[in-house]
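> Got a predicted structure plus its sequence, pasted below:
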Amino acid sequence: MFKGFVEEYIEGDGANLFIRRAGPENAEPIVLLHGYPQTSAMWHAVAPILSSSYQVICPDLRGYGASEKPKSDARHYPYSKRAMAKDIIAMMTRLGHNRFLVGAHDRGARVAHRLGLDHPDSIEAMVLLDIAPTREMYAGTSANFAQVYWHWFFLTQPNPLPEKMISSDPEGFWKLKCLNQAHGQNPFSPEALAEYLASFKDPNTIHSSCEDYRAAASIDIEHDDADQGKKLMMPILALWAKFGVIESCFNALDLWRQRAHQVKGQALDSTHYMAEEIPQEITTHMLEFFSQNPIHKKEISQ
């Protein structure tokens, strides 16, 4: 899936991250962050195109894929978006980059949001796929949203309830959740799907991913509340699925404009898994947006 990409482990901030990377040595760096319950494999159709003109780094987030799954705590801090964002900063620092671009989907886009708030001097611009801000989505929960995004509420239940139920049939749960969000279709390549399912059969992945959601419903909102009034400073391109919950239940641009100074965006003809359903269109949007927001040459690396 990632021909010509280096696959290696890089130390994050308390978790070793498995990454895939490729691209010209002196090109601008882009970090691509995946969503739940996937891995960096979700970028298999996007990353190779971007890597012709950018340095592309695709990590598995802590708790997912081949990356380390640190022990959590009562507050779920190790799976807070703040902790995950620190991993990305540490990873990029070790790769020699002090400023970079971000493309992110689903949970990875929530990590990107926190990255932009906590480390604004590190992020030039971001493309965020199929999310609205977490706090505002919880605050705007409706019966329709809760029914479609039932996993948001199931996965936050105390350990071991969701862990035990998922572990009884991990593949069945994965397909139920993901194919449901794709309106019953299968947008995943056989190779990517095999990686997703193999990873998700690991009990540690199941637990860590539940902790990710528990953090989102608790400590992540605490962090957002503490940042009341603080907005993202870098340009944001928000793209969301026309046939998904963001379009049907929320006004994405209005919500992002509450949390960011420079936002533009639109709905695209897709369901939730945009980078795998319409990869050429996503890549085109990224290339156009990032070309309009380049990193100053001297800031690319140190």
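Now that the structure is in, tell me what you want to look at.
> From here on, just use CA atoms for contacts and neighbour counts.
Will do.
> name the element the residue most central in space within the chain belongs to?
Most central in the chain under C-alpha atoms, centre = their mean is Gly108, positioned 1.2 Å from the mean C-alpha point. Element membership of Gly108, judged by DSSP states H and E, is helix 107-118.
> can you list the weak-confidence ranges in the chain?
Per-residue confidence for the chain (pLDDT under 70) gives these ranges: 297-302.
> Report the secondary structure state of Tyr9.
Three-state secondary structure (criterion: DSSP: H, G, I helix; E, B strand; the rest coil) places Tyr9 in strand.
> Pull the contacting residues for the residue lying closest to it once chain neighbours are set aside.
Leaving out its chain neighbours, the residue that sits closest to Tyr9 by C-alpha to C-alpha, 6 or more residues apart in numbering is Phe18, at 4.5 Å. Phe18 is in contact with Glu7, Glu8, Tyr9, Ile10, Pro59, Asp60, Gly65, Ala66, Ser67, counting by C-alpha atoms under 8 Å, 6 or more residues apart in numbering.
> Now that the second one has come up, it's in contact with Arg20, right?
Spelled out, it's Glu8. Yes. Under the criterion of C-alpha atoms under 8 Å, Glu8 makes contact with Arg20 at 6.7 Å.
> Neighbour count: these two, which is higher?
Arg20 (21 against 11; other C-alpha atoms under 10 Å).
> That one bridge partners, please.
Taking DSSP bridges as the rule, Arg20 bridges to Glu7, Cys58.
> for it, what are its contacts?
Contacts of Arg20 by C-alpha under 8 Å, 6+ apart are Phe2, Phe5, Val6, Glu7, Glu8, Ser40, Ile57, Cys58, Pro59.
> correct me, but the second one touches Ala22?
Okay, so that is Phe5. Yes. Between Phe5 and Ala22 there is a contact at 4.8 Å, judged by C-alpha under 8 Å.
> Those two - which one has more neighbours?
The neighbour count for Phe5 versus Ala22, taken as other C-alpha under 10 Å, is higher for Ala22 (23 against 18).
> Quick check: the more buried one touching Ile49?
No. The criterion here is C-alpha under 8 Å, and Ala22 misses it with Ile49 at 10.4 Å.
> follow-up on the earlier one: the residue nearest to the centre of the chain: what's it in contact with?
Contacts of Gly108 by C-alpha under 8 Å, 6+ apart are Leu33, His34, Gly35, Leu61.
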